[in-house]
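Colleague: Predicted model, plus sequence, below.
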Amino acid sequence: MLTITIEDRTFRHLLQQLQQRMGDLTEPMGDIGNALETNIRNRFATATDPNGQKWKAWKPSTDKYYPRAGSKSAQRAKEGIGQGRLLERYGDMLRGLSYQANATSVRIGFAHEYATHHEYGTKHMPRRGMLMSNPQQGTLGPQDEATVMDILTHWLLQP
């Protein structure tokens, strides 16, 4: 299993304030997980990374293996078992997206290890980021940062 930690001084400061008030951060962490999961699902719909850049198209050698009209794979896609779109040949990766929140953190990720290849890219495949703006630095994209800040601010403003 691959674990990536995203830390941000601004988040840390707000989280410390919130933890002093609440102690158990399971609810705010759940809100963050739910919102970031939604952002990631939207990236699949728009085929864009956390920075808003379009994912690179399939190479012709990959494209020929994806579902075509009338094929068994296309039938699976038609039945809602995948979309036959970029990163969604059968929908397994997106179906495996989830989050787990607890009193101190939230973990967001995919059930399938091959998601790592898409997040980082490989020698033969371009990066198609889903979770991070920059995987080497472990940073969130601007929309995700704003989402987290909005949620933390909302919780800090609660009486």
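Modeller: Yes, it's here.
Colleague: Point to the helix or strand of the chain where mean pLDDT is at its lowest.
Modeller: Ranked by mean pLDDT, DSSP states H and E, the weakest helix or strand in the chain is helix 72-78, scoring a mean of 49.
Colleague: Next secondary structure after that helix?
Modeller: Reading on from helix 72-78 to the C-terminus, the next helix or strand found by DSSP states H and E is helix 92-95.
Colleague: Name the next helix or strand following that following helix along the chain.
Modeller: Going down the chain from helix 92-95, the next helix or strand is strand 97-101, by DSSP H and E.
Colleague: List the strands paired with that next one, with their directions.
Modeller: Sheet pairing of strand 97-101 (DSSP bridges) gives strand 106-110 (antiparallel).
Colleague: starting at the chain centroid, how far to the strand it pairs with?
Modeller: Offset of strand 106-110 from its chain centre (CA atoms, centre = their mean, to the nearest Å): 8 Å.
Colleague: The residue nearest to Leu131 when sequence neighbours are not counted is in what secondary structure piece?
Modeller: Of all residues not flanking Leu131 in the chain, Glu119 sits nearest, at 5.9 Å (CB to CB, 6 or more residues apart in numbering). (C-beta placed from N, C-alpha, C; glycine too.) Assigned by DSSP H and E, Glu119 falls within helix 115-120.
Colleague: Check which residues of that helix are buried.
Modeller: Buried residues in helix 115-120, counted by 16 or more other CB atoms under 10 Å: 115-116, 118-120.
Colleague: can you check stretch 22-31 too?
Modeller: Neighbour-count burial for stretch 22-31, counted by 16+ other CB under 10 Å, picks out 25, 28-31.
Colleague: looking at it, Arg127 is touching His118, isn't it?
Modeller: Yes - with contact defined as CB atoms under 8 Å, Arg127 reaches His118; the gap is 7.4 Å.
Colleague: one step back: of the buried residues of stretch 22-31, closest to Ser105?
Modeller: Nearest to Ser105 among those: Met29, at 6.3 Å, using CB to CB.
Colleague: Give me the distance between the closest one and Arg107.
Modeller: Using CB to CB, to the nearest Å, Met29 is found at 9 Å from Arg107.
Colleague: shared neighbours, the two?
Modeller: Ala101 (CB atoms under 8 Å, 6 or more residues apart in numbering).
Colleague: What confidence value was assigned to Leu14?
Modeller: At Leu14, the model reports a pLDDT of 87.
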